[in-house]
Each structure stands twice: as structure tokens, then as C-alpha cells.
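# Okay, here's the prediction I keep looking at, along with the sequence it came from:
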Amino acid sequence: MADVTTDVAATPSATADAPTGHTSALRLHLHIPSKLRNLELLLLIFACVLNGIAVVLVQLGALGEIRPEIIWLGGVLAVLAIGLHIALRFVAPEADPFILPAATLLNGIGIAEIYRLDIAAHATGWNADGIRQIAWTAIAMVIAFAVVVAIRNHRVLQRYRYIAMFTGILLLLLPMLPVIGYEQFGARLWVRLGIFSFQPGELAKIALAIFFAGYLVEARDSLSMVGKKILGVRFPRARDLGPILVIWAAAMAVLIVQRDLGTSLLYFGLFLVMIYVATARLSWVVLGLLLFVGGALIASQLFSYVAARFHGWLDAFNPDVYNAAGGSYQLVQGLFGLAHGGLIGTGLGEGRPQIVPLAQSDYIVASLGEELGLAGLFAIFALYLILVSRGMRIGFAGQDDFGRLLGVGLSFVIALQVFIVVGGVTRVIPLTGLTTPFLAAGGSSLVANWIIVALLLRLSDTIRNQPRLVIGP
Amino acid sequence: MNRELKRVSAVILIMFVALLCSTTTISALQVDNLRADSRNVRTLYDSYSAERGPILVAGKPIAESKPVDDQYKFQRVYTEPELYAAITGYFTLNQGTSGVEGALNDYLSGTANDQFLAKVNAILTGQTPKGAAVELTIDPAVQKAAWDALGSNQGAVVAIDPKTGAILAMVSKPSYDPNRLASHTTVNVISAYNKLLDDPKNPLFNRAISGDLYHPGSVFKLIVASAAIDSGEFTADSTFPNPSTLKLPLSDSVITNSNDGQCGAGKEVSIANALRLSCNIPFAELGKALGEETLRKYTTLYGFGADLAIPMDVTPSSIPGSLDVPQLMLSSFGQANVQVTPLQMAMVSAGIGNGGVVMKPTLIRTITAPDLTVIQPFQPEVFSNPISPQTSATLTQLMVNNVNNGAASNGRISGVDVAGKTGTAQNGEGRPYTLWFTGFAPANDPQIAVAVVVENGTSFGNAVAAPIARKVIEAVLNK
């Protein structure tokens, strides 16, 4: 990939004069990036303006006046996004122009709504989720910047697949270690820094996606070609079952020990989709789903909290379920909020999203649905779809299988996470405690999702420039 | 690999379509259900912090929202709170609502479906949405007269315009001060509310339309007489045996007339005289002769068992259960199983006065949006047509006789024919009576139909309830 920057640097001399076929093709190729980046800049400015307007509307709606906080509430994100954009011009000039603006807009809408909830809670300073969210956004985008700059060739990641696996599983298991000392230590560390707490599990999804992609590219032949046919479907050999069993065991451990159905579902779903794409064997998906559903059913029999989630989902309006501890109070209040917003919403700062517990994190979608209405929610879903479809495009158009698999995995994990969270809030599936990517208050989630953005940008950059570099005219 | 990617893309699409469907279901299709859920405090909070529309009587607000400097932005204020409490009801932060405040909350808070476009418009133009104003049919002079006339008695007065169904006065005593429930300090509201709830006199009851209901006693004879004459089975001159006591069949109970003697002189007594003198024994015999089915047919026509909203829900008057012969005979003079609201009895009088047509009673004259467009104009509606004009004319004559030469003498107003009927309902051995008067005036062109009920009475309807009704009628006629 290092060739790219050399190429760009060589632009003036290369385009100055050269009517021959070779150089005209080169010139054509060198014009596209600036067009892409200009489009990105335009969209980015539009996104930042919308974010600014959102904060202004929150202030007018909730406070009745415009306050100076607007400058850094809207400004920090805008400056960082433009900074990332400028970096892309140098290190990934052909990256997809839609990813960064979509993520920036989602992030900004999230900040506006979290700020709105801070106003309702009279939270100020570092107690305010909005301020912490801005700080985390800054940290996340600097990390994303570092990722884009540092990882010039994504294939490097393939080499570190087993390190990624250990990192991923370690991150996943950290919260469930019975080592209270660690948690205390961790907490102490962060308290000394003043403000933040961290959910290492969020980062695990990236590490696992990298591992899955690396491992599956290597192992897919043995996973897909060999095995007995039963009922017309080829099932894998027993010894090839190892990885899926390990992942299943990890997912079950998360479900049982960490009591987190959502995270468990997210990682397992990610794995299933990636193994399916890599091996083209539906039997893996069938097998995996059977294992997961079986495990979840047994868990729902054994553990009351899983059963409670199901009750709360199916019979939410029953007064007994509604009033029970851990019952459907939050779910039902969230539905009231969404209904209160109706088609066009109450307007930012005009609703009462603070009635719902965790309105700024798990329930940010209900909060936004109340204030922006169904129309606003559809716009947000559209933004996610743009983000996901640009990522899926890497899978379709990419040149190397590792990159394609990684792109698909990272995009799918965003889509699945949105589905699990919003589906839980709107009663499509039982409610689980995941964060909504980019929108919800929470540092670890922001960092993880911005790293995903950085990786998708890097991967998308290779779609365009790689063939030209390799094939050429 | 591309085939698998397409399938994964399809799965992603399906997931998002599922979310589009679920959010649409909640935010568009289920909105009314979710808003109506009693656990949804948003509706209430909203109605509290929007500028709630006023409730007006003759153009003057009896309930209005005044701006205050707290999180709810507006304070609900009731002028003449006790006088109108039975009508306005109360509007609290977290203890619910009642009366017009509750029944028309949608309109007052500006969230009714009729006001949707206005709400959108207000949002687009950056205005705070306002609620609609509700103008009542109440006549302040009549309301005041009813309030004063009822005095310190426990009971209710309700007056209707027989021609339109417009409710001119509605008083229930004891009353309460809804301002105390409109406080923004939750603790105060709860303590005031609990105090009212614990009060054995039940001040929160609107005795005119709900509460525990009353035995109608002799005023029920109007319905029995309607059934007898309108069914064609009897005329006003039909006669019945006239003993001074009557042992009920199948039981040892003996009934008497209110004077403990015969109903006037003679071996037989006509329906006309029995009504004029308000005798129980002839009506018990008449009821038995009519049968339960005919009796129920006419009670239903007059409004028994009907779900009526004025706009508050009116507890349906009823004769529960199936009646054996003694119960039928007791019910025929308004005892035993019969339970009514004062509004129901006012509707009976209004129907008789209005040529046999009962108009649907209502408190609402108009509902007007903040931009002065009328959302809901006043439209008199026919409720039922229980009796023919001939029956109505006959009954009117009987009721006028009852006032001029009979048991309802205290309803007389010089220069005007008042049609009326008194009642003194028994509530069991040793318990105080329920005293009644219902009627209309002027008899030939009724301007008002009224029902008065006084609880805990020790004398007769004519002594206590009739003078109250007379003052209410005078308030209308003196205008």
C-alpha cells in the first residue's frame, strides 16, 4: 500500500504532460481520489452542520436559549472528523467517501441526544454523559486516525490472527474473571484518570473478526470440502468442529456467567456469518444455530434471568411482569416514549425521554424515537444501512479474501448489533443490554466502532487502487 | 463467495425491514393504545406543561392554566372551585383526573386527533401547542341557584333544557376544592387526595351522575305510569282496588301508602289520583298487572342501562336481577331493586315535557381551538323516544295536578304551571330517607327539567326537595 502515497506524491509531474496511453490512464486514476475526497468533504460538512443544528435545537427545546456549549458540543466532533478526512487524503485517498460522514452524523446525533438527557438530569462537568461522550469521541477518533495511518496494508493483520484470537477471548472473558482485585485495580486506574470506565468486551468483536477472517481464509478448504453428506447437506468432520465448539462455548460462557444474551448472540452471529461466507456451507449455520438455540433454551430453563427476559418480551404489558424487579418496566416505558414521539416526534429537547431508565445508553434509540419520531428513526436506520452496505461492498468488490471476509464481518457486526438493540427495544426479540453503535453513551463502544470505521476505510481504499497497481494498462 | 454475500445482504435487509416494521407498529399504528395506557405518564405530564385550554361558563373561565415559573410551566386554577367541582373534576400530577378535565383531556391538552394538524402547524411555526377551550352549557345563574338552594344538605341537583339536552346546572354536595389537587407539590396532592378519599361523606362523588346511586321512591312512578298509558293497556282513569294495606304475595311483607291509610276515598282509585296523591299500593298493583317485561322496556327507553357520556361517563341506572312478584311490586313504586341517578330522573321529566322525546344530555356547548375555529359545535341529539306525544300530554297534566292539587304542593310557582313529582325513598329500617323532586316548567313550554335529591332526609320530598327545585326553576324563569 505504501506505493499509493508515493503515487500521489508523484501526481504533479505525472499529470503535467504525458499524452500516452499509460500516463493518461494514470492521470485518470489520480483524479478519482480527489473527487472521492471532495465528495466526502461535502458530505462531512453537511453532517457537521446537521450535528450543530441538532445541538441548537436541543438547547432551544430544553433550555429555551442558545448557550456557548454549542461550540465544543458540535465543534470537537467536526474538527476531528475533518482532521480524519485530511489524513485520508494522504494515507487512503481512495477510501469510500460515505463511511466517514455517516459515522460522524450518527455520532453527532448521539451527542446531541445525550446532552439533551444531561440537561434533563441537571448533570454538569464530568458527571455529564454528554461531556464524557465528547471526550470519548475524541479518544476514539484519534485511535481511528492512528489505525488508518499505522495500518497501511490490512494483510498485516492476517499474520496476527492468533494474537487477535487470544486478545479477543481475553477481552471477552475479562469481566467474568472472578478476580475482584483486577476489577478494583481497573477501577482504581481509571478513577486516577478521573472519569472513565471501560467495557473491554466491545473491543473483542474487532479482535474476533480479525481472527475469524484470518483463520477461515486459511482453513476454509478443509471446513468446506470434507465431511459426510446427511440428507443432502454436507456436515463437517468431527475434528473440524473444534473452532465452532470453542466459539460456542465462549458464547455460552458469556450468556451464563456474564448474563449477557446480546453480547453472546452478537459474537456467535458474527462467527456464523463469517464461516458461512468463507465456506459456502449452510450446514455450519444450521449446526451453529441449533447449538445456540439449544444452549439458550437450556439456559432459560436453568437461569431465571433468561426466563425473565423472555417473559418481559412476550407478556410485557401484564402488570405482574411490568412491576416485577427486572421486569418489563423499562421496555414498556420505552414503547410509551416511542408512541409519544409518533410520526414526527416531539422535537429535540421537547420530549420526556428521561423517564425511561438508561435513556442515554441502552435506550438511546427510544429517546431519539420520541424526539425525532418515526421519520427520524428511519433516517437513522438509513444511515446504518449506508454504513453497512458500504462495508458489504468491500466483500463484493475486494481483491483479497482476507480483506473481503474482514469487511463483511465488520459490517455485519454493526448491522447485527443495531438489530439486537433496536429489535430488543421494539419487541422484535427479547431485550438485551447492548449499546447502539455510535449513538449510545459509552466509551468502549465508541472506540470499538471508530476502529471499525478506520478498518473499513482502509479496506475500501484497497478496492480501487489495488487492481490498477497490479494490472495496469 | 458472491452468492453467500448476496444471501448475507438479504439477511441484513430483512433485519432492517423487521426494525422498520416494528417501529412503524409502535410509533404509528399502536400510538392511541399506548397513549391511553394508564401507566403512560407522558400524556399527563404533557397535558400539564402545555397551555391547557380553559373550561368556560358563559364565556368566563371556571378552570384555566396560568403561567408559573416551575417545571410544569402552568398552574391550573379553578375560580369558584366548590361550586363547579362536580363538573370540572380535578386535574392532578399523578393521582389521575376526573370530570370534564378527565373526559376531555385530549382536547384540553391539545392532543386530540382533531387537533393533529394544528399541532403539526404549531411545531413547524415554533409555537407551543395550546389546548382547546371547552364552553359548557351550564347557566351560571341556575348553577348558583341550585348550589344555594341545596344549602348544607347532602345530595345533588341537575337541571336540563328539555328541548336540547343542554345541562343547565349540576351540583353535588358535599363538594371539594380542586385547586388543592392541582398543586405541583406531589406530597400535598397525595395528602389532600387521601383526605378526600377517606372522608365518609365522599365529596369526590358526583352524586348527580354517579356515586352509589339512589332508590328513586315515588318519582319512579312517572316511568310506571308512562308504561301503563303508553302501552295502551291502561288509561289515566283505569282503576285499581284501594285497600289501606296490601300483603305482598309469596311473603309476609305488608305495604302501606305513605299516609298509612287508603289512597283517597272509595273502594277503587284511578291511576291519575294514585299519582296525584303518590300512593304506593295502587302502583304496586299496576306494576304487577303490567309485568316485568313492559316495565323494563320503558325503563330502557328512558335510558336505564345505557352507556351515556356527558362527556363524563354516567353510571347507568338499573333494576338489577330478575324480579319475582313481590320485588316487581316494590320496584313499581321505586323501592327494592331500582337504582337511579338524579340525571336519569331529570331525563324522564325532560322527556315527558318535550313531547315524549328525550334529548341526549350534555355539558358541552362548543370546543374551540386556540385559533378560534370551532372543533366541535353544539348539536342537540335525540337520545330516545319513549312515549307518544299523547302520553306525554296526559302525563304532563297529571304532573301539573300533582303540584297544583296533590303531593308536590311545594313546587308551586305563582303564574306558572309546574309539572312535578316528589319522592321519599326508604333505605331500610331505621335509616334516613332519600328525598326527591323531579319536574319541569312551564308545563306547556318547558324551559327546564330538574331533578333534586337530598340524602339523609327525615321528612318528605315535598318538604325538602320540592322547594329546592322551585328555586332552580325560578332561576330559569326569572331570566
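Arrived safely, thanks for sending.
# Would you map the strands across the stretch 251-400 of chain B?
For the stretch 251-400 of chain B, the strands defined by DSSP state E, counting those that start in this stretch cover B:254-256, B:268-270, B:308-309, B:313-314, B:358-359, B:364-368, B:374-376, B:382-384.
# Just give the strands next to the fourth one in its sheet, each with its orientation.
Read that as strand B:313-314. strand B:308-309 (antiparallel) (DSSP bridges).
# what about the strand it pairs with, distance to the chain center?
Here strand B:308-309 is found 8 Å from its chain centre; the criterion is C-alpha atoms, centre = their mean, to the nearest Å.
# Likewise for stretch A:356-363?
Distance, stretch centre to chain centre, for stretch A:356-363: 18 Å (C-alpha atoms, centre = their mean).
# Rebuild the strands of the stretch 251-400 of chain B as a markdown table, extending it with mean pLDDT and mean neighbour count.
Backbone N, C-alpha and C define where each C-beta goes, glycine included. Rendered in a markdown table, the data for the strands of the stretch 251-400 of chain B read as follows (pLDDT from 0 to 100; neighbours: other C-beta atoms under 10 Å in any protein chain shown):
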| stretch | mean pLDDT | mean neighbour count |
| --- | --- | --- |
| strand B:254-256 | 88 | 14 |
| strand B:268-270 | 93 | 19 |
| strand B:308-309 | 94 | 18 |
| strand B:313-314 | 94 | 17 |
| strand B:358-359 | 97 | 24 |
| strand B:364-368 | 94 | 20 |
| strand B:374-376 | 89 | 15 |
| strand B:382-384 | 96 | 16 |
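# which phi and psi does B:Glu51 have?
phi -80, psi 100 (degrees, to the nearest 10).
# residues near the residue of the stretch 251-400 of chain A found nearest chain B, how many?
Among all residues of the stretch 251-400 of chain A, A:Ala339 sits closest to chain B, at 3.5 Å; criterion: C-beta to the nearest C-beta. Here the count is done by other C-beta atoms under 10 Å in any protein chain shown, and A:Ala339 has 25 residues near it.
# quick one, what contacts B:Met312?
For B:Met312, the contacting residues are B:89, B:98-100, B:102-103, B:206, B:209-210, B:363, by C-beta atoms under 8 Å, 6 or more residues apart in numbering or on different chains.
# So which of those belong to helices?
When DSSP state H defines the helices, the subset of those inside them is B:99-100, B:102-103.
# Disregarding residues adjacent in the polypeptide, which is nearest to the residue of the stretch 251-400 of chain A closest to chain B?
For A:Ala339, ignoring the flanking residues on the chain, the nearest one in space by C-beta to C-beta, 6 or more residues apart in numbering or on different chains is B:Leu34 at 3.5 Å.
# Pretty sure that neighbour sits against A:Leu335.
Yes: under the criterion of C-beta atoms under 8 Å, B:Leu34 makes contact with A:Leu335 at 5.8 Å.
# who's more crowded, those two?
A side-by-side neighbour count of B:Leu34 and A:Leu335, using other C-beta under 10 Å, places A:Leu335 first with 27 against 23.
# Count the residues that sit near the residue of the stretch 51-200 of chain A found nearest chain B.
For the stretch 51-200 of chain A and chain B, the shortest gap (C-beta to the nearest C-beta) falls at A:Leu60, measuring 8.6 Å. Close neighbours of A:Leu60, defined as other C-beta under 10 Å, add up to 16.
# Look up which residues are beta-bridged to the nearest residue to B:Gly165 once chain neighbours are set aside.
Here the nearest residue to B:Gly165 in space, its sequence neighbours aside, is B:Met359; by C-beta to C-beta, 6+ apart that works out to 3.2 Å. With DSSP bridges as the criterion, B:Met359 is bridged to B:Val382.
# Let me know whether B:Met359 touches B:Pro380 as I believe.
Yes: B:Met359 is within contact range of B:Pro380, at 5.7 Å (criterion: C-beta under 8 Å).
# Between those two, which contacts overlap?
B:163-165.
# Point to the helix or strand of chain B where mean pLDDT is at its lowest.
helix B:116-124 (a mean of 67; mean pLDDT, DSSP states H and E).
# Please, where are all the helices along the stretch 1-150 of chain B?
In the stretch 1-150 of chain B, the helices defined using DSSP state H, counting those that start in this stretch lie at B:2-24, B:31-36, B:41-49, B:81-88, B:99-103, B:105-109, B:116-124, B:140-150.
# of these, which approaches A:Ile143 most closely?
helix B:2-24 (26.4 Å; C-beta to C-beta).
# same for that closest one, what does it pack against?
Here helix B:2-24 touches helix A:261-279, helix A:364-397, helix A:401-425, going by 3 or more C-beta pairs under 8 Å, 6 or more residues apart in numbering or on different chains; DSSP states H and E.
# How many residues are close by A:Pro357?
12.
# Same question for B:Phe283.
Residues lying near B:Phe283 (other C-beta under 10 Å) number 28.
# which residues does it contact?
B:221, B:224, B:274, B:332-333.
# Determine which two of those residues are furthest apart.
The largest separation in the contacts of B:Phe283, counting by C-beta to C-beta, is between B:Ala274 and B:Ser332 at 10.9 Å.
# what's the overlap in contacts for these two?
Both B:Ala274 and B:Ser332 are in contact with B:221, B:283, B:286, where contact means C-beta under 8 Å, 6+ apart.
# hang on, the first one packs against B:Gly334?
Yes: because the distance of 6.8 Å satisfies C-beta under 8 Å, B:Lys221 is recorded as touching B:Gly334.
# Spit out the residues that contact B:Leu34 and A:Leu335 alike.
Common contact partners of B:Leu34 and A:Leu335 (C-beta under 8 Å, 6+ apart): B:Ile26.
# Where does pLDDT dip in the chain?
I went with chain A, as the question did not name one. Scanning chain A for pLDDT under 70 picks out the ranges A:1-33, A:174-198, A:224-240, A:243, A:255, A:258-259, A:464-473.
# think we crossed wires, I meant chain B
Scanning chain B for pLDDT under 70 picks out the ranges B:44, B:46-49, B:71, B:118-129.
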